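K.L.:
would you be able to build a 3D model of this:
(2 chains)
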Amino acid sequence: MSKESPPPSDASPHEPSAASGPRLNLAPAVLGWAVPGLGHLVMGQTARGLILAVTILSLWLGGLLIGGISVIDRKDHPAWFLGQMWVAPSWLVNHYHDGLRQRWQRDAGTRADIERGYEPAYGKPEEQGILFTALAGLLNVLAIIDVIYREPWPVRELTGEDVPVMPPVPEEHDDVGPPRPHPTVNPDAAGGSS
Amino acid sequence: MSAVLAYRPFLEPLPIEPAWLWLCVPLVLGVAVVYKTIKLPTLEKLPQQSLLLATQVLLFMAAGAGLLSLLTWWF
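P.N.:
Next up, the predicted model:
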């Protein structure tokens, strides 16, 4: 999807081309919003993506386990929902919670035995559930921003192998640009020590 | 005990009142892991770095709480 394309051979390596600006990985960012860590996974950052997915989803699911679905509520907690909405499934939970509440409010006036379907959280469970889910969303914002600007080279993060290297130093051309110092060790300094 | 047995996941809140303060430990650990996962160039030292950051955050939070407690006790 987002492979790094080699520079055209006829372009001068010393002149920045129009395509040399920061490359924005918008499609992986959307995937990362839909499922935390998925953006990194599709870019080849397998370990990073899996760790982000497990951690962010654990916090988000932990918040839902602590407080129940009532902790995600766009109507009652609009400010907290600004953080929660950065994990896309929060929108589904909010929609489901809203449907249950509307059904209960509609039927409660006509039937005395109607069940709410869920138990709203109050006090510490509500507080902690909201905190966990909102924090998961805000952490996913960091992951989304990271995936937008990350180089799409495959990296084996856990072993340190295949770490992205700098592009090869181009050959010196006398006709293009000023001469640049070669990035190797200075032979005078290296030979002086012996 | 009966409240825990009647618990329906995701539909009812957990009775966490007695131990709610300990929930800051997984919360801080999660923040540290996500931050270090994004920040580190390679993930070789992720466990150590995350644990170090989480410990630092928890210690500073405890120190801040102690300081505020002292202030409220003093004045």
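K.L.:
any idea which helix or strand carries A:Leu142?
P.N.:
helix A:123-149 (DSSP states H and E).
K.L.:
and that helix, what other elements does it pack with?
P.N.:
Applying 3 or more Cβ pairs under 8 Å, 6 or more residues apart in numbering or on different chains; DSSP states H and E, we find helix A:123-149 packed against helix A:26-34, helix A:38-42, helix A:46-67, helix A:78-84, helix B:24-39. In this view, the C-beta of every residue, glycine as well, is placed from N, C-alpha and C.
K.L.:
between the ones you listed, which one is closest to A:Arg103.
P.N.:
helix A:46-67 (20.0 Å; Cβ to Cβ).
K.L.:
quick check: buried residues in that closest one?
P.N.:
A:46-49, A:51-53, A:55-67 (16 or more other Cβ atoms under 10 Å in any protein chain shown).
K.L.:
what do you get for stretch B:23-43?
P.N.:
B:23, B:27-38, B:42-43.
K.L.:
and those residues, which two are the farthest apart?
P.N.:
Greatest spacing in these, by Cβ to Cβ: B:Leu23 and B:Thr42 (31.0 Å).
K.L.:
pull out the buried positions in the helix or strand that contains A:Leu92.
P.N.:
For A:Leu92, the host element (DSSP H and E) is helix A:89-107. Neighbour-count burial for helix A:89-107 flags A:89-90, A:93-94, A:97, A:100-101 (criterion: 16+ other Cβ under 10 Å).
K.L.:
over to stretch B:54-66?
P.N.:
B:54, B:57.
K.L.:
ranges for the helices of chain B?
P.N.:
With DSSP state H as the criterion, chain B has helices at B:2-5, B:24-39, B:46-74.
K.L.:
list the contacts for residue 46?
P.N.:
No chain was given, so I picked chain A. A:Thr46 makes contact with A:His40, according to Cβ atoms under 8 Å, 6 or more residues apart in numbering or on different chains.
K.L.:
to clarify, I was referring to chain B.
P.N.:
By Cβ under 8 Å, 6+ apart, the contact set of B:Leu46 is A:51, B:33, B:36-37, B:40.
K.L.:
list, one by one, the residues from chain B near chain A.
P.N.:
B:8-17, B:20, B:23, B:26-27, B:30-31, B:33-35, B:37-38, B:41-44, B:46 (Cβ under 8 Å from any Cβ of the partner chain).
K.L.:
ok, B:Pro9 to A:Ile56 distance?
P.N.:
Going from B:Pro9 to A:Ile56 by Cβ to Cβ, to the nearest Å gives 19 Å.
K.L.:
repeat for A:Gln128
P.N.:
Counting by Cβ to Cβ, the gap from A:Gln128 to A:Ile56 is 17 Å.
K.L.:
low-scoring stretches of the chain, by residue?
P.N.:
Here I'm looking at chain A. A:1-21, A:109, A:111-114, A:152-194 (pLDDT under 70).
K.L.:
to clarify, I was referring to chain B.
P.N.:
The low-confidence ranges in chain B, as defined by pLDDT under 70, are B:1-5.
K.L.:
check contacts around the nearest residue to B:Val34 once chain neighbours are set aside.
P.N.:
Ranked by Cβ to Cβ, 6 or more residues apart in numbering or on different chains and with sequence neighbours excluded, the top spatial neighbour of B:Val34 is A:Leu139, at 4.5 Å. Contacts of A:Leu139 were listed using Cβ under 8 Å, 6+ apart, and they are A:55-56, A:59, B:30-31, B:34-35.
K.L.:
fine by me, thanks again.
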